[in-house]
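> Okay, sequence plus prediction incoming.
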Amino acid sequence: MNTRAVANEFAKMRHLRVGVIAVAMVVAVLGLSLFTIVSSPDFDPDSPAAWNGLLAGMSLAIPLVFPLLLAVLASRQTDIEHQGNGWLLQATSGLTPGGVCRAKLITLGIVVAAITAGTSLLVLVAGKLLAGILAPIPFAHWVGFTGCMLVINLVVLALHILLSAKIDNQLVALGIGVLGSVLAVFSQGLPAAAAHLTPWGYYALARAADYAASGYVAIPLSYPSIAALALVVAVFFLITTGRFDRQEA
């Protein structure tokens, strides 16, 4: 990867309010996660189910918040190329459109990874300090959930970068982001087979906990399905950006 291209993408972020979007994502997920346990009449800080309540809250909050804001991040980072004829400008310096897209995925991917991991850690700390949960933390399940959500976030980000690069009108990309949030949330009520049909449905497969008759319970994570999604989209992204390389800017 062209390190100069990656550095240029980071430089562009300073004018795109990426920090504001990142803070909005973290605050929204934290607030919704804490609201899940605060509003539950069965909340008991001494019970292991208390952590399941936070995981259930994040399992709903991340699909509700992230798909749209990932679309916003990808759109803002890509629209500047359409507005300023950046594709042609960078092509004259030897950087192909596909190379630009790959650089955008790396830079935004680093930001999204930091947001996802930071949000998960902040919810964990808030559970201890604000909610006063005393039960042992289910670290393995928590880390697994965070990893699965990170993979899905990066997949959705990659697809939105391709979409924003291909279509000049960014309202289309943002509209699909809204639709993605709706699909991500409603997929949690669908059978697992139906959740596999769209990238946003995989948020339901990464759900770590849910409410049952006995309270909040942990749910096994669908590691094989999420790994398969990552592989398929990675190949698709490389093939598509490779085709961009052979097109005129």
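Cool, got the structure.
> what residue is smack in the middle of the protein?
Geometric centre of the chain, nearest residue: N153, 2.5 Å, by C-alpha atoms, centre = their mean.
> how about the host helix or strand of that residue: buried residues?
Element membership for N153, per DSSP states H and E: helix 139-166. Neighbour-count burial for helix 139-166 flags 141-142, 144-165 (criterion: 16 or more other C-beta atoms under 10 Å). Placement of C-beta: from N, CA and C, glycine included.
> Quick one: work out the angle between whichever strand or helix holds E81 and helix 139-166.
Using DSSP H and E, E81 maps to helix 49-83. Following axes from the mean of the first three to the mean of the last three C-alpha atoms, to 10 degrees, one obtains 20 degrees for the angle between helix 49-83 and helix 139-166.
> Off-centre distance for helix 49-83?
Remark: helix 49-83 is offset 5 Å from the chain centroid, using C-alpha atoms, centre = their mean, to the nearest Å.
> how about the helix or strand that it is followed by: buried residues?
Next along the chain after helix 49-83, taking DSSP H and E as the criterion, comes helix 86-92. Buried residues in helix 86-92, counted by 16+ other C-beta under 10 Å: 86-87, 90-91.
> Just the mean pLDDT for helix 86-92, thanks.
Mean pLDDT, computed over helix 86-92, is 77.
> which one is R207 nearest to, not counting chain neighbours?
Among residues not flanking R207 along the chain, S59 sits closest, at 4.2 Å (C-beta to C-beta, 6 or more residues apart in numbering).
> The one you found and A208 touch, don't they?
Yes: applying C-beta atoms under 8 Å, one finds S59 in contact with A208, separated by 5.4 Å.
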